[in-house]
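>>> Predicted model, plus sequence, below.
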Protein chains: 4
Amino acid sequence: MNTFGKILTLTTFGESHGPAMGGVLDGMPAGVAIDLDELQRFVDRRRTGKTVGSSTREEQDRVEVLSGIWQGKTLGTPIGFLVRNTDARSEDYEEIARCYRPNHADFTWQAKYGFRDPRGGGRASARETVARVIAGGIAMQALASLGITIEAHIVSVGPRLGVADMAEVIQDVANDGDTLGGIIECVIKGVPAGLGEPLFGKLHAQLAAAMMSIPSVHGFEYGDGFDMASRRGSEVMDVFVKRDDGTIGTVTNHSGGIQGGISNGEDIVMRIAFKPVPTLMREVPTIDRDGNPMTLNPRGRHDGYVLPRALPIVEAMAALVILDNYLIRKTNVL
Amino acid sequence: MNTFGKILTLTTFGESHGPAMGGVLDGMPAGVAIDLDELQRFVDRRRTGKTVGSSTREEQDRVEVLSGIWQGKTLGTPIGFLVRNTDARSEDYEEIARCYRPNHADFTWQAKYGFRDPRGGGRASARETVARVIAGGIAMQALASLGITIEAHIVSVGPRLGVADMAEVIQDVANDGDTLGGIIECVIKGVPAGLGEPLFGKLHAQLAAAMMSIPSVHGFEYGDGFDMASRRGSEVMDVFVKRDDGTIGTVTNHSGGIQGGISNGEDIVMRIAFKPVPTLMREVPTIDRDGNPMTLNPRGRHDGYVLPRALPIVEAMAALVILDNYLIRKTNVL
Amino acid sequence: MNTFGKILTLTTFGESHGPAMGGVLDGMPAGVAIDLDELQRFVDRRRTGKTVGSSTREEQDRVEVLSGIWQGKTLGTPIGFLVRNTDARSEDYEEIARCYRPNHADFTWQAKYGFRDPRGGGRASARETVARVIAGGIAMQALASLGITIEAHIVSVGPRLGVADMAEVIQDVANDGDTLGGIIECVIKGVPAGLGEPLFGKLHAQLAAAMMSIPSVHGFEYGDGFDMASRRGSEVMDVFVKRDDGTIGTVTNHSGGIQGGISNGEDIVMRIAFKPVPTLMREVPTIDRDGNPMTLNPRGRHDGYVLPRALPIVEAMAALVILDNYLIRKTNVL
Amino acid sequence: MNTFGKILTLTTFGESHGPAMGGVLDGMPAGVAIDLDELQRFVDRRRTGKTVGSSTREEQDRVEVLSGIWQGKTLGTPIGFLVRNTDARSEDYEEIARCYRPNHADFTWQAKYGFRDPRGGGRASARETVARVIAGGIAMQALASLGITIEAHIVSVGPRLGVADMAEVIQDVANDGDTLGGIIECVIKGVPAGLGEPLFGKLHAQLAAAMMSIPSVHGFEYGDGFDMASRRGSEVMDVFVKRDDGTIGTVTNHSGGIQGGISNGEDIVMRIAFKPVPTLMREVPTIDRDGNPMTLNPRGRHDGYVLPRALPIVEAMAALVILDNYLIRKTNVL
């Protein structure tokens, strides 16, 4: 299940320290102008969104498009792409091969497949997200031509609501060799009413699946989300109005732009909770593959705080969902 | 997109006030014993989980199995089933046809399809969940034979954390003609390590999609969920241990039984946030289909508090996801 | 895998002697007028297309639509439907339970599932096709509104090319307690250029899968088909012309209306080969479930010649493929 | 729809004269030994299966595996791969950009997408099959470890049944600047009983879809195929026997190893009809994009007879279908 989407599908491949990460974006409509320089800049946001405590691994992540785009436009054929893994120091990871790191996927992958690539976490590494960002970046350019924009931002870092003094919090934690998570909010503007497919294809269900598939995500909500569960119905009612331009909208947006699983034309608003980075930069107790206790002293290069780098990933996944549903929506009438 | 699942697929149909609700559960393994009386009792939990303020509509919901089960065992063929809609008073709903109820799907369905069945909300009615409960009830019996159990319970009602004095809160709100939501927690025990499919098929991503597709759900989290975003990495580390029986487990379960998207053998724990019931039993301002302001005075029969009825729905969706992944997992090795 | 199609999907259920056959047609666009009387007449063609030697089983096959159509129009929601099995005499089939009939699916289903419903062949009975005809009949009405028509006819019966004296051939064979197959040709008119999806979704590949899924079909070809393999390239070249109305067409149609897997606007022409009915009305040698030789003397009611009844089945499957691709084609451009 | 398969899925990309052809094979079980040298030799069969009249284009087709295989074994992760397009002389194809070649996909792609890559036929080129052969070659190694073998051979060339004097026929036709097709038979040995999924997933329906998706294929049959349509039931009856080793088999194999859509343990036998190569090496009448008559004098490099090169393609597609169904079959019981 390395494929996502229904009409617009993304299939990705690549292990962290293998030759390359890549993917195939299929179902892109033909004739859409794609600016590859703009795409590279979008991908660079994932790479360079760095702060105190982030990984010292340096990947160039030069996007190589192998098919599907010609003379600056999509052909309607699958868009194959890759980035090379250039800075993989596998020697750093030999210890991982013989133990299970806490809160990582080492144990579960071993249990599932009986065989795993321990180099940098293999396929379980967050490095796989580079393929999502490339595909999502292409989708975003298509959406932009339709007047649909997507923007993610950080709303809390660890215990700090709002993000003032973020650097200070991050530095404190890094000094302890500890790590942080946080919450990202994503807002999608310009989505017309009518996107999303009942029953199991509700727009927010698809967005939830998309966001929950990002490494480290532990929670998803849209509109007023969990807070809605503690309100009365009268407190969260989005009253309809006819606007001056003749369109119908709502006065408030507790529903987050989605009602009955279908977009209503208001801004789509969702929040995604990231757990703290699992790899601590200090000694950690664990067990080896035989179950013997041991102490893990991570020697690799790891991010201690990843939220800025996660922003384009969130945007990319949102773009894939919205464009897919934009296409599916065309089939709702004959 | 009225189909859910990959190997084990559920396809449902039915409008609230049409002749019947039903579905097809395909991909069930052959030779699984199914107790239809037990199934009916499970379906009855959805119908009779009633409290103050719940709907006065009375459906018998007698499950009619049309195929796929013979001599008390599954045949490996699709299981077709239905329940009749026997108590649909369409006259109650004529007003709905000419207006858009706030926080309902009237407007978005109209925008999407240009044509909708207003009787009881049509396909957008939560009545569709009866088909999920039937299919999920079948899946639960298969899981039980594997030692896997699923149990959902209410952890908060409206503003009340914990559920002491639940009846009082509900009565207060009902007296105001208002409504409530709440939070349900679901725990799955006995899942072996190895279920869930990277990358986009992470077990929690599938569970999120399943739960977010239930009407009124606005949020999903697993393990420590949103709370995890405010912790340090060292605070939520699930340290591995070798147990006396030789198996490997974790001392704590902040991860909620899933690591890297794959079950690790611990209890799977998730929470689902429901918004308040959208239909208030008092006057509500809205607009008609031409955009003119009007006042809606609901005369139908509606639930003001639905969480007890949602418990088997949550369990059913969880059962479908877990059994599907149990089957997919068989294909991970040759 | 009881589901067919991508956007327009048909999921069917039902064993020959179970309570009912039925299905769910999902993805139908909203607002399409459906005449249920016309649909019933189409379904009756499958039931009453009878000649010498056909089954004496009498099913009424009254179509019951359970959802998705309201006030004579599709709602965009799944169309659930069923027909009851009213004339199932299970006592006729007890012998089948303990043996494997030659050229039937008894042995392979037993090998696959370890458990089977022997009554009338269970799910393997051609009776399942009634669900396809219902769904295809709905699709045909949608296609007709677009000017697309589908018509199947018999081009050979057993050894007889052309179908003059068909009745005589059939009677001769029936007198011997023997059975016949034959070849059906299907022509689709009015399909616009551009339907079909490269690479694996070539229109003829989808049609082949559809037709080969019909019981007893052993071969499929389109355009000049197998005959094309024995020709030179210059003999089968469809030269392009600009017609008086400004459209582009081809002078000949060796390609059968499909080039590169995509419709070119010419008539789509295909042929489907049916093997003889497997159940002979005379003594047949076989083995029982323990491998002991035995003689099978069929006492049930079986068709000895089924091609007339297969015509609406072929048309129905063609309709599902064409309408699905008509919808998918909408997503080829933004 | 550039993805094929259900559990084992192949997604391919690449235009004939773009940077590379490639794909992603997902769902391969973990721990399967893959010999990359053997894989390269299999891919070379497609490249070097050349005879009089075949293309003078020389591609090295060195397979580059980018993920999914480590230390000689599959990881259970997606296998990304590519071959570079090294010998693409785009200048040869400028004429194609402004006209529609008969029996090619130029017109239909233009009609569908409104934009196409004319260089070497773009995505419609048979060059795309290299990705299938790579993926199928991997699947074949897995099947071989299970004792399942696949072998395709040519049974007729143009008008010549059997293939004696093949070279003479081919040379005669090539001297005329003309082209040939033919028929390939494929035999799969060692498939256990029980593969194939009723109803729409019948094994032969999947094989038909696979083979019909290969460029130039116009017909498919299995077992006695079209010939079966002209026989009596008594003539094609495969009588069951219990063999000395205790297994159950059939005395004859008119059914081609598949009954009721499920393998019965006998050899699976199918035949695939290829049309003549569409590009003639002589003047051909056609029209330009404005509908004006013109004469096309192909100056590119094209195969006039491709059947030997098609053999590994047929084997590859068969391998993908069989391995996919081998995996799905595991889910038929709990």
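Everything's here; your move.
>>> Just give the closest residue to the residue of the stretch 1-150 of chain A found nearest chain B, not the sequence neighbours.
Nearest residue of the stretch 1-150 of chain A to chain B, counting by Cβ to the nearest Cβ: A:Ala105, 2.3 Å away. C-beta: built from backbone N, CA, C; applies to glycine. Spatial nearest neighbour of A:Ala105, excluding adjacent residues (Cβ to Cβ, 6 or more residues apart in numbering or on different chains): B:Gly260 at 2.3 Å.
>>> need the residues of the stretch 51-200 of chain A near chain B, please.
Counting by Cβ under 8 Å from any Cβ of the partner chain, the residues of the stretch 51-200 of chain A lying close to chain B are A:100, A:102-105, A:107-109, A:111-114, A:123-124, A:128, A:156, A:158-159, A:173, A:176, A:178-183, A:193-194, A:196-200.
>>> out of these, which are buried?
Those of those that meet the buried threshold are A:100, A:102-105, A:107-109, A:111-113, A:123-124, A:128, A:156, A:158, A:173, A:178-183, A:193-194, A:196-200, by 16 or more other Cβ atoms under 10 Å in any protein chain shown.
>>> quick one: which of those residues sit in helices?
A:107-109, A:111-113, A:173 (DSSP state H).
>>> filter those residues down to the ones close to chain D.
When Cβ under 8 Å from any Cβ is applied, the members of these adjacent to chain D are A:112-113.
>>> name the helices or strands packed onto the host helix or strand of A:Ile150?
Secondary structure assigned from DSSP states H and E places A:Ile150 in strand A:149-157. The contact analysis (3 or more Cβ pairs under 8 Å, 6 or more residues apart in numbering or on different chains; DSSP states H and E) places strand A:149-157 against helix A:129-144, helix A:166-175, strand A:182-189, helix A:307-329.
>>> mean pLDDT lowest for which of the ones you listed?
The minimum mean pLDDT among the helices and strands packed on strand A:149-157 belongs to helix A:166-175 (a mean of 86).
>>> ok, and for that one, which residues are buried?
For helix A:166-175, by 16+ other Cβ under 10 Å, it's A:166, A:169-170, A:173-174.
>>> Beta-bridge partners for A:Asp288, please?
Per DSSP bridges, the residues bridged to A:Asp288 are A:Cys99.
>>> you'd agree it is up against A:Met294?
Yes: counting by Cβ atoms under 8 Å, A:Asp288 does reach A:Met294; the two are 5.2 Å apart.
>>> Can you check which residues contact both of those two?
Between them, A:Asp288 and A:Met294 share these contacting residues under Cβ atoms under 8 Å, 6 or more residues apart in numbering or on different chains: A:Cys99.
>>> So for the residue of the stretch 101-250 of chain A found nearest chain C, what's the nearest residue that isn't a sequence neighbour?
Using Cβ to the nearest Cβ, A:Ala142 is the residue of the stretch 101-250 of chain A that sits closest to chain C, at 6.3 Å. Closest residue in space to A:Ala142, ignoring its immediate chain neighbours: A:Val32 at 4.9 Å, by Cβ to Cβ, 6+ apart.
>>> quick check, A:Met211 in a strand?
No: assignment of A:Met211 by DSSP: H, G, I helix; E, B strand; the rest coil gives helix, placing it outside any strand.
>>> That one and A:Ala273 touch, don't they?
No: A:Met211 lies out of contact with A:Ala273 (Cβ under 8 Å); the separation is 9.5 Å.
>>> where are the low-confidence patches of the stretch 1-150 of chain A?
A:48-59, A:87-92 (pLDDT under 70).
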